[in-house]
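K.L.:
Quick one, what's the 3D model for this:
(4 chains)
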4 protein chains.
Amino acid sequence: MSTFGTLFRVTTYGESHCKSVGCIVDGVPPGMSLTEDDIQPQLSRRRPGQSKLSTPRNEKDRVEFQSGVEFGKTLGTPLAMIVRNEDQRPHDYSDMTNKYPRPSHADLTYMEKYGIQASSGGGRASARETIGRVAAGGIAEKFLKQVSNVEIVAFVTQIGEIKMDRNTFDPKFQHLLQTITREKVDNMGFIRCPDASVAGDMVKEIEKYRGNQDSIGGVVTCVVRNLPTGLGEPCFDKLEAMLAHAMLSIPASKGFEIGSGFAGVSVPGSKHNDMFYFDEETQRIRTKTNNSGGIQGGISNGENIYFSVPFKSVATISQEQHTCTYDGKDGVLAAKGRHDPAVTPRAIPIVEAMTALVLADALLIQKSRDYSRSIVH
Amino acid sequence: MSTFGTLFRVTTYGESHCKSVGCIVDGVPPGMSLTEDDIQPQLSRRRPGQSKLSTPRNEKDRVEFQSGVEFGKTLGTPLAMIVRNEDQRPHDYSDMTNKYPRPSHADLTYMEKYGIQASSGGGRASARETIGRVAAGGIAEKFLKQVSNVEIVAFVTQIGEIKMDRNTFDPKFQHLLQTITREKVDNMGFIRCPDASVAGDMVKEIEKYRGNQDSIGGVVTCVVRNLPTGLGEPCFDKLEAMLAHAMLSIPASKGFEIGSGFAGVSVPGSKHNDMFYFDEETQRIRTKTNNSGGIQGGISNGENIYFSVPFKSVATISQEQHTCTYDGKDGVLAAKGRHDPAVTPRAIPIVEAMTALVLADALLIQKSRDYSRSIVH
Amino acid sequence: MSTFGTLFRVTTYGESHCKSVGCIVDGVPPGMSLTEDDIQPQLSRRRPGQSKLSTPRNEKDRVEFQSGVEFGKTLGTPLAMIVRNEDQRPHDYSDMTNKYPRPSHADLTYMEKYGIQASSGGGRASARETIGRVAAGGIAEKFLKQVSNVEIVAFVTQIGEIKMDRNTFDPKFQHLLQTITREKVDNMGFIRCPDASVAGDMVKEIEKYRGNQDSIGGVVTCVVRNLPTGLGEPCFDKLEAMLAHAMLSIPASKGFEIGSGFAGVSVPGSKHNDMFYFDEETQRIRTKTNNSGGIQGGISNGENIYFSVPFKSVATISQEQHTCTYDGKDGVLAAKGRHDPAVTPRAIPIVEAMTALVLADALLIQKSRDYSRSIVH
Amino acid sequence: MSTFGTLFRVTTYGESHCKSVGCIVDGVPPGMSLTEDDIQPQLSRRRPGQSKLSTPRNEKDRVEFQSGVEFGKTLGTPLAMIVRNEDQRPHDYSDMTNKYPRPSHADLTYMEKYGIQASSGGGRASARETIGRVAAGGIAEKFLKQVSNVEIVAFVTQIGEIKMDRNTFDPKFQHLLQTITREKVDNMGFIRCPDASVAGDMVKEIEKYRGNQDSIGGVVTCVVRNLPTGLGEPCFDKLEAMLAHAMLSIPASKGFEIGSGFAGVSVPGSKHNDMFYFDEETQRIRTKTNNSGGIQGGISNGENIYFSVPFKSVATISQEQHTCTYDGKDGVLAAKGRHDPAVTPRAIPIVEAMTALVLADALLIQKSRDYSRSIVH
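P.N.:
The predicted structure is shown next:
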């Protein structure tokens, strides 16, 4: 369904070529300073048309608050946001897509599920659907910032074969997680990889596939700092389970790993276990290493949360593909127009937004428990 | 929280040393033949004490239906199941754990979250919590079997450094996914790896870490065959998002990847895209390859669904660990008793159960849509 | 929260003086013919300014689809609808309300709950909030019509002391329930009471209170015909429980009774029980009487569902009220401008909409069960 | 479904003649002192066989905790409770009910919905289902008591034609609401009506119908005192909407009214409005009257919450009823055995339990908002 969250809850709507896309956010903290300017930066980071390497579809993606805010303060009531679809071309793809379900796109499965499809093909599976998520995430982020200066920073760690080191057992990588900022990420240009030694090669990798009318995937890594302890709702809604749910709901994502992830399985318990120590500075028990990725038993432990998400190569490519039509006849499909050969860098603000939505919700739930704990005996 | 699912819904309870563990399953199809014998096999597969290499804790784990079934037929009402905790030793770990939060276990985070902890330490984070899941999954599986002979088979593909080939682009691996059965998996002994050429080495790997009073992780891969198309609820409850949520809710899991997963990001779109063709045998459009892993746009497309889940090395090890006490003093902790050096093989029925729960729920939701589709115009 | 329903789900937003009010409807049957013209009639019936006796606030309340429909067919994706607030006067009430919480309005409790309040006073407690409900209900109604010609008709049965006979044991009343239509209701003018013998007195009753700068309440009765059997989800989501939830969520409603309701408690079981008989015409078992109100054991039995909802006298009145300010000082408040002395007739389309939302959701849930039932053995 | 609540959540199971009935409670405040003795009193009040006038079915209804508590303290994890069905007679009713759906019982609708039925007839529609609710309510009550000494007292205000005065505009009735206690209610014997002037007549009324092998209904009124302000979640989950949902989910209930209810509609706004004043004793703004019933705009205002619930005459009567068989043939049905002619008094602890469940959940939700409010700016 199109609702996500329990107490901090977003409901989104919109496909690529309808009047507008947007969302309703319920459970917004009341009395919070909030204007469209708080939301716009991440929407702009998400926006196509930011460089010669991305799609030329040129939208302004200006968010408009409809409700829930007055005189710059949230009312605690549902906050609706809309972003108009200014560049509507509903029949752009229609000649081909009426005949051909696009390979590895959602055309055929949407037809199976709904028996009908948006004329543009993309419909609700379009990346444009994510605008509502990013807008909602902006509110969650602003709230989390005020809670405990929570910082969420995502960045590109791999494009095709080109990867920066993300060995989670390497102190250098842990140092990067501790110090990376959005500013540093954006300073690397559209590629959004903070490792200057590979960023150039990543750009070349994308250009190569672009030249071949092909596409290539990548990996986004995300870190959360300064999160309170105690977040996450075992046994089914462990914090990493909610994050995984959120990440796999993003178009084109194919996985999720937290902390040591897949690589960690070959590290024995004696090395993988994060030993406790008492930290004089913060006056609390911390872990010497952080192979757990900031979550133990499904609950945040106050260390950095970090995870990675692979995004597959974009399905829409300009070269010819031997496939078949909706009625089962062999044929050749080639997408018209220009297409993004790599969307991984644009996934950054979406990953950050979904992370913020998960955390804000988990925090509100835990705070109700903290309350109940404080009064019983 | 401890409820999972919308229409097919399970609520679990129980920690390692209370009276019983179990669950309530709501939304069970009414009129289905069902006895405890349908549930017991997977519970027994989950059970410790099945071989010299696993923990000697010797429980019978007999499930008892409490409600929702009469004369061997389900009533459609909530079906409660309990499994008694026969081997209760509530204070077994208490001397140490009263002082030391066990590294990479949930002791400290449970204390942060709830301000109290089960005396056994393990509490709700114990693997014993998963009994309710496996019991509920047994009902879901029996239902799915009758829908369209849905088959769910999980198996071990990696233990420590020892891995069988799980290159998803390799036709041999795809063939394995098509042909693997639970019988074949169980025929490999407790290791549950279907590749005889590595299974022996995996056993040795476990023995090695056992000898070192250490532990080691592994990867479970799972395949779903014969699933109807159209399952999954974009945009937030895409089928892979629900599977990821389910998998990351299993104790010790650290990730999830579906289809080509992390490795797929370096395969260009032209190779990664799954081309369509009309299959004469089944009289429907299928894909030549299945890099998508049976889900496109968040919706099942009728191909095999397959995914992998890494399980970290068991946190409880017998060797000494330099860590600190709850009140922050340095010290050395060593777990008493004998412990499982590798739980990955025992995760198999849990992975299968959680998969079945996700699929049964998604199916019921989609069938309501199919109905609505069939009558509107 | 502002989300209602499980499979057919509406999320609303908007207060009285923000940019727009509206909703997102999720779970819309795909492929259904739908245009704004299907939605507008009930919105217009809900609209103020329809007669000299109601408030002069003159809005057009034109609904605009934002998504989820293309070329007049629903896509099955979330359908967003907005209605602009054309007559925005954010500070209209502010002088008084900044000082005085209006008696029996939500001013003080909103302040308690959120610590902030919309400047207009009304905010989310304004009747304008119901626009999103009515819009969503229009979709549910169109769907239910196609399912089995489900008819939902609400009408006024009481204004102040003036009541038409609603003795549910009287065959005449049951006949009325069987035959009443929206056309007949609307033919009675704005009063919407189908009993011509009392409708005139009801109008006079309203005029009397209007003359006194006072207000008066009333009762709305609603009937549902042609609903399939089997709807409702015991034990907590019995069909009458969902209807009661829906009705008590409407502003100013103070109760709910179904079937024989409060009066039925003094009728002994021997008379109250609805005897079964086999109906040759419909070839199914029906009940001779319908004191149950079409629901038994929380599940629809195919007879007419009927229930009544009392709406209290409007809280906003023009006469002076001796009350106190937000900071606790005694004082006198009088609402400025002209106010509706009786909103009961305008509640009609809201009651119908909420009824439709409950029924559409219950139907979709039951159809998934019908499916599961049909395949197990 | 069989789950109720968002943060404080109960899931129940069990029908009249299965092994046990019970529930799982999730969201229990951690660290709370709790033993079975906290739960048993209300279960015993609910129990049949308490007087010569009620059913002789003689069960002990002893609750057994399964999990979530250790050494008398809650762990914050799911708390499962079971009550064994000691007096199982699965085929007691079967001869008749195999042929006859009992009039105004759930037999036929359960068959319509599920296509199968518990052999005992009653199944999940049995009053025995409510045991899980009462057990869960006991936890909620203990929590609410510690929050702010919240008191919930329900009592009988009508049996058949015999009613005590419940004119909500009468200060005497408001005084009763302020002073009534469970002890006073129980001191009136099984009839549980605090007005000695009518209690005797109520008993006679029941005896009369019992003599006639008939049954009679009644009304339960409930008051909540000392509840914090700010509870209730507009627009759909207003506090009265949740209470109505809860009350209409109780077997045999036919309605709900809060505050002035149905009678209030004929009282003009000038009299119905509750004027504000500053209360020196509590140092907060209160209302002079309480026609609102403690809830305004869907949110608790700190005044007493009070509402009434009608319960229909018991459907099971011993006299012959001319009805028809499942296959549509006319015939005569008479219930065997002895039956309760009036269950209204036994509904008291169920009404109280469901009230507590609604309030505990609303409180936890609001406390998370209070938190979020406290930190934003």
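
K.L.:
so where does the closest residue in space to A:S308 that isn't next to it in sequence fall, helix or strand?
P.N.:
Distances taken as CB to CB, 6 or more residues apart in numbering or on different chains place A:T221 nearest to A:S308, at 4.5 Å, with adjacent residues excluded. In this view, the C-beta of every residue, glycine as well, is placed from N, C-alpha and C. A:T221 is part of strand A:218-225 when elements are defined by DSSP states H and E.

K.L.:
Quick one: mean pLDDT for the helix or strand immediately after that strand in the chain?
P.N.:
Sequence-wise, the next helix or strand downstream of strand A:218-225 (DSSP H and E) is helix A:239-248. Per-residue pLDDT values over helix A:239-248 give a mean of 98.

K.L.:
Same check on stretch A:3-16?
P.N.:
Per-residue pLDDT over stretch A:3-16 has a mean of 96.

K.L.:
same question, stretch A:269-280
P.N.:
Computed over stretch A:269-280, the average pLDDT equals 97.

K.L.:
ends of that stretch, how far apart?
P.N.:
Length of stretch A:269-280, first residue to last, CA to CA, to the nearest Å: 27 Å.

K.L.:
okay, stretch A:309-320 in CSV with CA atoms only?
P.N.:
Provided in CSV are the C-alpha atoms of stretch A:309-320 (Å, rounded to 0.1, in the frame of the first residue of the first chain):
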residue,chain,number,x,y,z
VAL,A,309,21.8,-0.6,-0.8
PRO,A,310,22.5,-1.9,-4.3
PHE,A,311,20.7,-0.3,-7.2
LYS,A,312,20.4,-2.3,-10.4
SER,A,313,21.3,-0.9,-13.8
VAL,A,314,18.5,1.2,-15.2
ALA,A,315,16.1,-0.9,-17.2
THR,A,316,15.4,1.8,-19.8
ILE,A,317,18.2,1.8,-22.4
SER,A,318,18.3,3.2,-25.9
GLN,A,319,19.7,0.2,-27.6
GLU,A,320,17.6,-2.4,-29.2
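
K.L.:
Tell me the buried residues in that stretch?
P.N.:
Across stretch A:309-320, burial judged by 16 or more other CB atoms under 10 Å in any protein chain shown covers A:V309, A:P310, A:F311, A:K312, A:S313, A:V314, A:A315, A:T316, A:I317, A:S318.

K.L.:
Heading C-terminal from the helix or strand bottoming out on mean pLDDT in chain A, find the next helix or strand.
P.N.:
For chain A, counting by mean pLDDT, DSSP states H and E, helix A:94-99 ranks last in confidence among helices and strands (a mean of 59). Downstream of helix A:94-99, the next assigned helix or strand under DSSP H and E is helix A:107-114.

K.L.:
what's the angle between that following helix and helix B:239-248?
P.N.:
Here helix A:107-114 runs at an angle of 80 degrees relative to helix B:239-248 (axes from the mean of the first three to the mean of the last three CA atoms, to 10 degrees).

K.L.:
so what does helix A:107-114 touch, helix or strand wise?
P.N.:
Applying 3 or more CB pairs under 8 Å, 6 or more residues apart in numbering or on different chains; DSSP states H and E, we find helix A:107-114 packed against strand B:295-296, strand B:299-300, helix B:348-375.

K.L.:
again, 10 Å this time
P.N.:
With contacts defined as 3 or more CB pairs under 10 Å, 6 or more residues apart in numbering or on different chains; DSSP states H and E, helix A:107-114 has these neighbours: strand B:284-287, strand B:295-296, strand B:299-300, helix B:348-375.

K.L.:
Output that helix in PDB, but only the C-alpha positions, please.
P.N.:
Output in PDB follows, covering the C-alpha atoms of helix A:107-114 (Å, rounded to 0.1, in the frame of the first residue of the first chain):
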ATOM      1  CA  ASP A 107       4.900  -2.800 -17.300                       C
ATOM      2  CA  LEU A 108       3.900  -6.400 -17.400                       C
ATOM      3  CA  THR A 109       3.600  -6.900 -13.700                       C
ATOM      4  CA  TYR A 110       1.400  -3.800 -13.300                       C
ATOM      5  CA  MET A 111      -0.800  -5.200 -16.100                       C
ATOM      6  CA  GLU A 112      -0.900  -8.500 -14.300                       C
ATOM      7  CA  LYS A 113      -1.800  -6.900 -11.000                       C
ATOM      8  CA  TYR A 114      -4.100  -4.100 -12.000                       C
END
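
K.L.:
I figured the residue nearest to A:S308 hits A:I180, correct?
P.N.:
Yes. The criterion here is CB atoms under 10 Å, and A:T221 meets it with A:I180 at 9.1 Å.

K.L.:
Those two: who's more crowded?
P.N.:
Using other CB atoms under 10 Å in any protein chain shown as the criterion, A:T221 and A:I180 rank with A:T221 on top: 25 against 19.

K.L.:
Now A:P251: closest residue in space, sequence neighbours ignored.
P.N.:
Residue nearest to A:P251 in three dimensions, not counting chain neighbours: A:A127, with 5.6 Å by CB to CB, 6+ apart.

K.L.:
what's the answer for A:N149, then?
P.N.:
Excluding the flanking residues, the one nearest A:N149 by CB to CB, 6+ apart is A:N226, at 5.0 Å.

K.L.:
separation between the one you found and B:V220?
P.N.:
A:N226 sits 34 Å away from B:V220 when distances are taken as CB to CB, to the nearest Å.

K.L.:
Between those two, point out the one with more neighbours.
P.N.:
Using other CB under 10 Å, the more surrounded residue of A:N226 and B:V220 is B:V220, with 27 against 14.

K.L.:
Which residues does that one form beta bridges with?
P.N.:
According to DSSP bridges, the residues that bridge with B:V220 are B:V156, B:V309.

K.L.:
and the nearest residue to A:G14 once chain neighbours are set aside, which of the three is it?
P.N.:
Distances taken as CB to CB, 6+ apart place A:V21 nearest to A:G14, at 2.8 Å, with adjacent residues excluded. Three-state assignment for A:V21 (DSSP: H, G, I helix; E, B strand; the rest coil): strand.

K.L.:
A:D165 too?
P.N.:
The three-state label given to A:D165 by three-state DSSP is coil.

K.L.:
For the stretch 101-250 of chain A, I'd like the single residue that approaches chain C most closely.
P.N.:
Going by CB to the nearest CB, chain C is nearest to A:Y114 of the stretch 101-250 of chain A, at 3.7 Å.

K.L.:
For A:M188, give its distance to D:K19.
P.N.:
For A:M188, the distance to D:K19 (CB to CB) stands at 64 Å.

K.L.:
ok so, going back, what residues are up against the residue nearest to A:S308?
P.N.:
Residues near A:T221 by CB atoms under 10 Å, 6 or more residues apart in numbering or on different chains: A:153-158, A:164, A:166, A:168, A:173, A:176-177, A:180, A:193-194, A:257, A:306-309, A:351.

K.L.:
Tell me, what's the model's pLDDT at it?
P.N.:
For A:T221, the predicted pLDDT is 98.

K.L.:
do the same with A:A334
P.N.:
Here the pLDDT value assigned to A:A334 is 80.
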